[in-house]
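Student: One predicted model, sequence on top.
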Amino acid sequence: MYSLTALPLLNSFSKIWAVGTATFATDSSGKLYGTGANNWGQLGTVSGSVIVNMTLISVPNTVSVGGADTITQVTGSTEYTMFLTSAGNLYASGLDSNQYSRFGQNSTGKDIYPFLNFTLVIQGIGSVDTQLSSTIAISTDQTKVYGWGDNANSRLCLPLVQVGTKFAQVVPTLIPSLSNQPFKVIRSKLGTTHTIFM
């Protein structure tokens, strides 16, 4: 038998996200809170074990709490998290991967804690979606779509590029068939083997 558990401060949260093995929330002033697994620093703090209680996450000066640029979306997987701000900046935290370059930095596969060593992935983003080690990002004006990370089964709608034994796009890459077209892309959803766009 399962039961519901009330989170402390629940009434003060204005947005919530479930990401991999972590939970995030912002309050009405824009402060970011997190709880859950943090073995790779995916909560945006120094890596460690599980953080049991909703804990205030210190954001960098580039994201002003309660100011003009606040966190509007959180997504990710079990080992990393992406944070999108109202100014269209996308940041990453946790374990990057040299197999797939989850952070779009053509990285070497090290732990990165962006609220200590902040990693700006890409700017001008209005929405983002992740699944496993793949990311799709749509520009704020909905005329450009970017993909990076794991591209098995061409799920990023980009040509297959072999990186070691995997197929990946190691930097954010414009998807020509969905960008600068007579239509706008308003949403994307990555599956484990495919992607859908609206």
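Tutor: Happy to help now that I have it.
Student: where in the chain is pLDDT low?
Tutor: Residue ranges of the chain with pLDDT under 70: 1-11, 46-48, 59-68, 97-100, 105-121.
Student: Pick out the residue nearest the middle of it.
Tutor: For the chain, the residue whose C-alpha lies nearest the mean C-alpha position (Cα atoms, centre = their mean) is Met82; its distance is 2.0 Å.
Student: what's the helix or strand hosting that residue in contact with?
Tutor: Counting by DSSP states H and E, the element that carries Met82 is strand 80-85. Counting by Cβ atoms under 8 Å, 6 or more residues apart in numbering, strand 80-85 makes contact with 19-20, 22, 24, 32, 40, 42-44, 63, 69-76, 90-96, 102-103, 114, 121, 125, 127-128, 130, 135, all of which sit outside it. C-beta here means a position set from N, CA and C on the backbone, and glycine is covered the same way.
Student: Name the residues of stretch 17-35 that are buried.
Tutor: Under the neighbour-count criterion of 16 or more other Cβ atoms under 10 Å, stretch 17-35 has 17, 19-20, 22-27, 30-35 buried.
Student: any idea which of the residues you listed is the one closest to Asn153?
Tutor: In terms of Cβ to Cβ, no member of these lies closer to Asn153 than Gly20, at 21.3 Å.
Student: got the CA coordinates for stretch 189-198 in CSV?
Tutor: Below are the C-alpha coordinates for stretch 189-198, written out as CSV (Å, rounded to 0.1, in the frame of the first residue of the first chain):
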residue,chain,number,x,y,z
LYS,A,189,9.3,15.2,-26.5
LEU,A,190,12.2,12.7,-26.6
GLY,A,191,11.5,9.0,-26.3
THR,A,192,14.1,6.3,-25.8
THR,A,193,14.3,5.6,-29.5
HIS,A,194,12.5,8.5,-31.2
THR,A,195,11.4,12.2,-30.8
ILE,A,196,8.1,13.9,-31.6
PHE,A,197,7.7,17.6,-32.4
MET,A,198,4.6,19.9,-32.3
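Student: Show which residues not belonging to it make contact with it.
Tutor: When contacts are defined by Cβ under 8 Å, 6+ apart, stretch 189-198 is touched by residues 129-132, 134-136, 145, 152-153, 155-157, 178, 185-188.
Student: show me where this structure has helices.
Tutor: Secondary structure of the chain by DSSP state H: no helices are present.
Student: need the longest strand for it.
Tutor: The strand that spans the most residues within the chain, counting by DSSP state E, is strand 166-174.
Student: Parallel or antiparallel, list what pairs with that strand.
Tutor: With DSSP bridges as the test, strand 166-174 is paired with strand 145-150 (antiparallel), strand 162-163 (antiparallel).
Student: Which of these sits closest to Pro172?
Tutor: Comparing those under Cβ to Cβ, the one sitting nearest is strand 145-150, at 4.3 Å.
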